[in-house]
Each structure stands twice: as C-alpha cells, then as structure tokens.
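Asker: Sequence and predicted structure below; questions after.
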Amino acid sequence: MTDDHTRQHNDLSDTESTSQSDSAGTAEAVENPSGEEAAEPETTVTHSDSDTDNASTDPSSVLASDPIPSADRSVDDLDLADADWSRDRSTASTDLDFDLDPDPDAADDSEGLFDDLLSGEPIFENKEVLRPSYTPRELPHRNDQINQMATILVSALRGDTPSNILIYGKTGTGKTASAKYVSQELESTSEKYDVPCEVEYINCEVTDTQYRVLAQLANKFIEKNVALIESRIDALETVREKLAEGGPDTTATVSDTNADDTTVSIPDAETDAEADPEGSLPIVTEQYTSVDAVDERIEALEADAEEMEPVPMTGWPTDRVYSTFFEAVDYNERVVVIMLDEIDKLVEKSGDDTLYNLSRMNNELTNSRISIMGISNDLKFTDFLDPRVKSSLGEEEIVFPPYDATQLGDILQHRAEVAFKPDALTGDVIPLCSAFAAQEHGDARRALDLLRTAGELAERSQADIVEEEHVRQAQDKIELDRVVEVVRTLPTQSKIVLFSIILLEQNGVHNINTGEVYNIYKRLCEEIDADVLTQRRVTDLISELDMLGIVNAVVVSKGRYGRTKEMSLSVPLEETEAVLLSDSRLGNIDDVQPFVQARFDN
C-alpha cells in the first residue's frame, strides 16, 4: 500500500515538472489503491501566452509549502492539493492578464453614449413640478376663484345637486389646475365624511364626440360598480358564515367597511332612509336571518355584474351608449361632478347634444345626481348653444383673469423651490421668465415651460447654475417650436398659401401683394391636384396667417389702382419651408422654380 502511494506521488511530481503544455493536464486521472480510476477534476485551467513563464516557474513549491509531508499524504490530500493549486493558478492567471497586459483603450471603450452627459451634476430636483399637468398643493393668486368653486360644490357633500359651473379664461390662467385642486379636495372630504361623491375628468380636445364622451363615462362607472358589487359579495360571504355558525334565531347585517363585524351598514340605492339625520345620505342596513336569503342576494349581485357590459369605443348606436351610461351612473347613490375641459372643442365638433343630454339627466335619475363643470378658453362659445342648454348649463360662471408679471414671478418662485436644487438659479432668471410670459397675455404655462427649458439647456451644457442667457436661448427655442407646431397643424389650403409666400421671398420678391400670391397658389394647386379657391378666400386665409403671427400683412393704398394687402414672413423661412415640405402632398412637388419663373414671365 505504501509503495503504491509513493509511486502515485512520484508520478504526480514527474507530471508537475514537465513543460507548460503538460502542466495544463495535471488534473488527469490517478489510479487509486483499489485499481479504479479517480474522476477528472471539473476545473479546467487555461493560460494565455503572456503568463506561461510565470505560471510554470516552480509548481512544486505549492506542495513544498504544505505542512503535510509528501510521503504521508493520502490520495484525497493529493486531489485536494491539485484542486487548490489549479484554483491558485487560475486566479494568478486572471491577475496576471489584468496587470501585465492592460488595454489602454479599455476605459474609453467602456464609456457609452450617455456617460459624458451623466458626468455633470443635475440641476433639477423634481422636473415634473414644472409641467402643466402637475397639480400643486397651493395655487398663488387664485384663492378667490377656488373659494368660489368650493362654495358651489359644497352642496354635493350634503347630498344635494350642485349648480353647473362654466369656467372661462385664456390659456395658462390656472383654470384646469384650480378645478383639479378643488376636485381633489372634494373627493378627499367626501371620503372623510363617508359621502358618495365623485369627480370625473374628460379632456374634450381628445374625447371630442358625444359617443366617446358617453362611452368613457359609462365605462368608468361600470368599473366602479363592479368593484362595489365585489366588495358587497365579500361582506355577504362573511354574513353567511356567521349565520351558518349561529342558531335559528341569529340575525346578521352586511357591511362594506368591516366584514368581520355582524352589525354594520352598507350604502344601497334600493332603499331610502327618511329617518336619517338631516344632511346625511341614506344608509341601509341589510338584515338577514337565513343562509338562503344571503345566497339569493349574492346571486342577484352576480347577475348585476354580468349585465354591466363595457361600451366599445365604436360600433354601438348613440342611444344605447346613453342608456348604458344612464344605468351605470344610477346603479348606486352618488353625487357626480363631470369636469369637461376644453368644452368649446366638444361643441365645435359635435354640437350641443352632449351638453343637452347631460344637463337634463337629473330629471330622470333616481339615485344619483349630476353636475357639470365646463372649462373653456373661448368666452363666446355659449353664443352658439341652444338657449335651453345655455340657461341650464351656465348657472354659475367664474372668470380667470390673466396673471401679471409679479404674480407669474410668485408662481415660478413657488415651483422653483421644489423643482431645482438649492442655489441653482441666478437672481435674474425668474424675473426674466415672468417678463417674457407676461408679454403673452399672462400665460403661466408659458412661464413654466420657459423656466423648465432654460434648466434643461443649462443641464445639457453641463453648467452649474441657470443663468439669463439660458432663459433667452429657451425663449428662442420655444418660439421656434411654437411656429413649427402651428405650421404643422395648418389646413392644406393654408399651407399652400404659405408656401406660395415662401417661394416669392426666396426669389427676392419684397412687399408681396395678394395677386402675386394667388398666381403662385393656383399653379401649386394644379401641381398637387388640389382644389383652387377663389382669390377672396385666399385673402381670408392670408388674414388667418396674419392673426397666427406667421405672416405680417398690412393693407396699403395704390391710389387709383385701389387697395391691396402687402405681406412678408414673420417666421424663420428655412424651418417653415422644411415643415411644409414634410406634408405628404406638398412634398410631392419636385421642382417649384419653373412656376415662380413663369409668374415673372407673365
């Protein structure tokens, strides 16, 4: 046995003293005393050329440093030594590859596209505070309007129907933010006093037809009704267990709020409560004396849930959508405030049928009450309403005046304290943003966009603070973005008229008159196969472009030759042309130069 052990050890020593290629195979099988081959170690050691000399320097030193004499080692000890040595070699190889063969370009290669942009310190603490969609907890200089809304809507907390409200004001005067703030306070107070009061917000610039408005409202109430039914069924399951556990004289009541208690109450639209205290909503206590009665109630609730089919966004007759919404909102007792933002867009697109139906619903509802809160930028949109709709809708009117520069400064200061890191703004940033925005009808939304864009530009340039120059850069950028957006959304005929003006300016024509524009306009319409409008209608389109600030048109007298409009572009020519050519129809014009040249030849 000792001879076998010694022979195995000598074989191993011979293997370790071979060349580097042999040393890579030191983990080969060794015969054990029983004549069976030991399994190969799973660890495979691979060395690069750079560490060959170092790795094969003196492998026996690993064994020589072991406190166990070689002659006294068992086969298991030798296997462990092999494994330890292999691990040491593997680790050493890795270290040597890292230290002896560094890649000078490794650091550069590891840097991604955004690494350099992320290297600077951020300026923003919470950029979302500067978004128009953010609803702050405080709204400076709008306390009067907020209190006026609150005094109208407080009747909802008493179970009465609030008056309908129309809110007017130009863009960026805080209408939507104030209305949402009051709505949040109304809902939170209703939860505090356990009064079923809800506010549903609809943006009529997006949801701009009667079908879509009714479908969206119906689906919201269907979802809430199903959730309420599920909570009632859960409470009834608890009551059934109580009844099953008790005797024949056991009586239990059902609850939403505390399913573990057998004496609780649940709001129910099927019962009134004349004996309730004045100012509170009817509360019903459903009493059950048998399991069968509970089962019947559960089956009825499940049937109600199955009948509540969501309304598809298209495909149903409008009267079916209306009846589905009516049944959904009247399923349970509640006071509902429907907030219609940009209500004038709904009237322009679909007429006043939606407002007529919503304002007349209270005459037919049994359990619920509905109030409408309309928000509009157009002070005159009610002029186009049916007199009956106008009288029922405009019960209360609240006007939001524009902000002045001082008020805008207060708003920006309030938001900046949350949006930016401390000392991130120089002292002239907020006054300059306020002054720019006050020039444009006191638009707080514009002021917030200006401050946010200035911060973004400073952050992109890796500046430590936002300065006046960043505000001026932001002003130019926002102005260009506004022009691009306005031009992009123009009707096709207006785009052709504008393109005609651009072509004339590109060819050196100054003080362009209406006749010159109309000649080019007709040729462009023929090129893209568009309808040709009359010169009078083209003159109206030029006036609309002037009103939008895209062109500057003035009426001049030509003496005995009459009067004409002379115009020039008031927006960047190249950027405007690029936006127009992005239109699929105008982009089909291959070469417009012959048309201009033909006009000069006439």
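Answerer: Alright, I've got the coordinates.
Asker: And for V129, the neighbour number?
Answerer: 18 (other C-beta atoms under 10 Å). Quick note: C-beta positions are derived from backbone N, CA and C, even for glycine.
Asker: wait, doesn't it sit right on A419?
Answerer: Yes. Judged on C-beta atoms under 8 Å, V129 makes contact with A419 at a distance of 4.2 Å.
Asker: any idea which helix or strand carries E417?
Answerer: Assigned by DSSP states H and E, E417 belongs to helix 405-419.
Asker: just M567 next, same as before
Answerer: Applying DSSP H and E, one finds M567 within strand 563-569.
Asker: Touching that strand from outside, list them.
Answerer: Residues from elsewhere that reach strand 563-569 (C-beta atoms under 8 Å, 6 or more residues apart in numbering): 501-502, 505, 510-515, 517, 539, 542, 546, 550-558, 576.
Asker: at 10 Å what do you get?
Answerer: With contacts defined as C-beta atoms under 10 Å, 6 or more residues apart in numbering, strand 563-569 is touched by 498, 501-502, 504-505, 509-517, 539, 542-543, 545-546, 550-558, 576-577.
Asker: Which of the residues in the following helix or strand past it are classified as buried?
Answerer: The first helix or strand that comes after strand 563-569 along the chain, using DSSP H and E, is helix 573-581. Buried residues in helix 573-581, counting neighbours by 16 or more other C-beta atoms under 10 Å, are found at T576, E577, V579, L580.
Asker: Could you work out the most separated pair of these?
Answerer: E577 and V579 (7.4 Å; C-beta to C-beta).
Asker: Identify the contacts common to the two.
Answerer: Joint contacts of E577 and V579 (C-beta under 10 Å, 6+ apart) are V487, L498, L586.
Asker: Go ahead and confirm E364 touches F325.
Answerer: No. With contacts counted by C-beta atoms under 10 Å, E364 stays clear of F325, the gap being 12.0 Å.
Asker: Comparing these two, which shows the higher neighbour count?
Answerer: F325 (24 against 8).
Asker: Pull up the gap between that one and R369, please.
Answerer: 15 Å (C-beta to C-beta, to the nearest Å).
Asker: what's the answer for V555, then?
Answerer: From V555 to R369 the distance is 55 Å (C-beta to C-beta).
Asker: neighbour-wise, which of these two wins?
Answerer: A direct count of neighbours by other C-beta under 10 Å for V555 and R369 places R369 higher, at 21 against 9.
Asker: helix or strand for that one, which one?
Answerer: strand 368-376.
Asker: Could you check how far D234 is from L301?
Answerer: Counting by C-beta to C-beta - D234 and L301 are separated by 11 Å.
Asker: N332 now?
Answerer: 12 Å.
Asker: what about the closest residue to E128 other than its chain neighbours, how many residues close to it?
Answerer: Sequence neighbours aside, Y134 is the residue nearest to E128 in space, at 5.7 Å (criterion: C-beta to C-beta, 6 or more residues apart in numbering). Neighbours of Y134 under the rule other C-beta under 10 Å: 16.
Asker: Same check on F326?
Answerer: F326 has 18 nearby residues by other C-beta under 10 Å.
Asker: For it, which three-state class applies?
Answerer: Three-state call for F326 (DSSP: H, G, I helix; E, B strand; the rest coil): helix.
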